[in-house]
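Trainee: Based on what follows, work out the 3D shape:
(one chain, ligands or ions: 2)
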Amino acid sequence: MSHFDGVKDVHRVTDVYKLVSRSWRVGPTRIDLGDGVTIGGGAMTIMAGPCSIEDEKQVAETVDFLVSQGIHVMRGGAFKPRSSPYSFRGLGLEGLKMFASIARAKKIKVITEVLDVSTIEPMMEHVDIFQVGARNSQNFTLLDELGKVDKPVLLKRGLSGTLEELLQSAEYIFSKGNEKVILCERGIRTYEKAYRNTLDLNAVPYLKEKSHLPVVVDPSHGVGIRRYVPAMALAGTVAGADGLLIETHKCPEEALSDGAQTLSFQEASELFDKIKKLSQLELA
Ligand code: PEP
Ligand code: MN
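Mentor: Numbers count the residues shown, from 1 in each chain. Ligands and ions are numbered 1, 2, ... in the order given. Alright, predicted model coming up:
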């Protein structure tokens, strides 16, 4: 076919996913969040903050902490997927607006979970990265709609999702036109009960070989136990992750969700120092 007029090159993409495959785009995708903040293509991007946005004081304290650490992206859920309907389910859109206005005043980017199609539009102007949670990893109507927006999407692996399923979910978003997709390993459900999930760090080199998209590791949900989070964050960094998603709170014991896996600012700061040192090393 390459002898046809106007055809420069021909690639057969045999993977079930196509556009997110390295066979289609060889070089790594770098996603630009503006103001010099990027994800993918070399540097390590740390995204940190509470599981849930709780109140103004908590957001302001976290923003100040991140600024002091040189971190440019804050996580915080306003729409929370909870196993029990009686658990705290987030402050919703008003909480997100408050979060974004405090964070952006200090040039901090906002990553937050979108639970359903109807909230994409109202959330749009207050979000820098839409997070698709593990429970929505195969919500194909949500993925289709996020394929139409001009905002990065961090897509988590499903609770028991295979990597091929994750890549096909990414393909839903990418093939609709949104090429700013970030893959996230957050642990899978296995027979092991000793910790919340099994963080599958094999996924990092695998995904980076198969796909050009950036790969982020979430050690907080991946292991689910505070004292093990730093080790797994460092392991993810060495495995080659482009970014980390880490839960931190001024007082984890008082957090309204996921306190048991949330680092205090002191613990987070010690971890960030180690990650910064590690990512400067040539590990290859
Ligand atoms: C979260 O990031 O707080 C969250 C709910 O994550 P996951 O979808 O991975 O469980
Ligand atoms: Mn959480």
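Trainee: Just give me the neighbour total for the residue of the chain found nearest ligand 1.
Mentor: With CB to the nearest ligand atom, the shortest gap between the chain and ligand 1 falls at residue 133, namely 2.9 Å. (C-beta placed from N, C-alpha, C; glycine too.) Residues near residue 133, counting by other CB atoms under 10 Å, number 22.
Trainee: and what of residue 181?
Mentor: 27.
Trainee: Now do it, the pLDDT please.
Mentor: If you check residue 181, the pLDDT there is 98.
Trainee: Check the offset of stretch 165-173 from the chain's centre.
Mentor: In terms of CA atoms, centre = their mean, to the nearest Å, the centre of stretch 165-173 is found 15 Å from the chain centre.
Trainee: Now do the strands in this structure.
Mentor: 31-34, 37-39, 45-49, 73-75, 109-113, 129-132, 153-156, 181-185, 215-217, 243-247 (DSSP state E).
Trainee: Can you give me the buried ones in the first one?
Mentor: Residues of strand 31-34 classed as buried: 31, 33 (neighbour count, 16 or more other CB atoms under 10 Å).
Trainee: Need the mean per-residue confidence for that strand.
Mentor: Averaging pLDDT along strand 31-34 gives 97.
Trainee: what's in contact with it?
Mentor: Residues outside strand 31-34 that contact it (CB atoms under 8 Å, 6 or more residues apart in numbering) are 38, 39, 40, 72, 73, 109, 128, 129, 152, 180, 182, 214.
Trainee: and the longest helix anywhere in the chain, what does it pack onto?
Mentor: If you go by DSSP state H, the chain has its longest helix at helix 265-280. If contacts are counted by 3 or more CB pairs under 8 Å, 6 or more residues apart in numbering; DSSP states H and E, helix 265-280 sits against strand 45-49, helix 56-69, helix 229-239, strand 243-247.
Trainee: That helix to helix 56-69, inter-axis angle?
Mentor: Between the axis of helix 265-280 and that of helix 56-69 there is an angle of 30 degrees, by axes from the mean of the first three to the mean of the last three CA atoms, to 10 degrees.
Trainee: which residues make contact with helix 265-280 from outside it?
Mentor: Residues outside helix 265-280 that contact it (CB under 8 Å, 6+ apart) are 43-44, 46, 48, 65, 69, 71, 226, 229-230, 233-234, 237-238, 244, 246, 248-250, 263.
Trainee: in the stretch 101-250 of the chain, which spans are helices?
Mentor: If DSSP state H, counting those that start in this stretch is used as the criterion, the helices of the stretch 101-250 of the chain fall at 120-123, 140-146, 163-175, 203-210, 219-223, 229-239.
Trainee: Nearest residue to the residue of the stretch 51-200 of the chain found nearest ligand 2 in space, ignoring adjacent ones along the chain?
Mentor: Closest residue of the stretch 51-200 of the chain to ligand 2, CB to the ion: residue 51 (3.3 Å). In space, and not counting its chain neighbours, residue 51 is closest to residue 258: 3.7 Å by CB to CB, 6 or more residues apart in numbering.
Trainee: show me what contacts that neighbour?
Mentor: Applying CB under 8 Å, 6+ apart to residue 258 gives the contacts 51, 52, 220, 221, 247.
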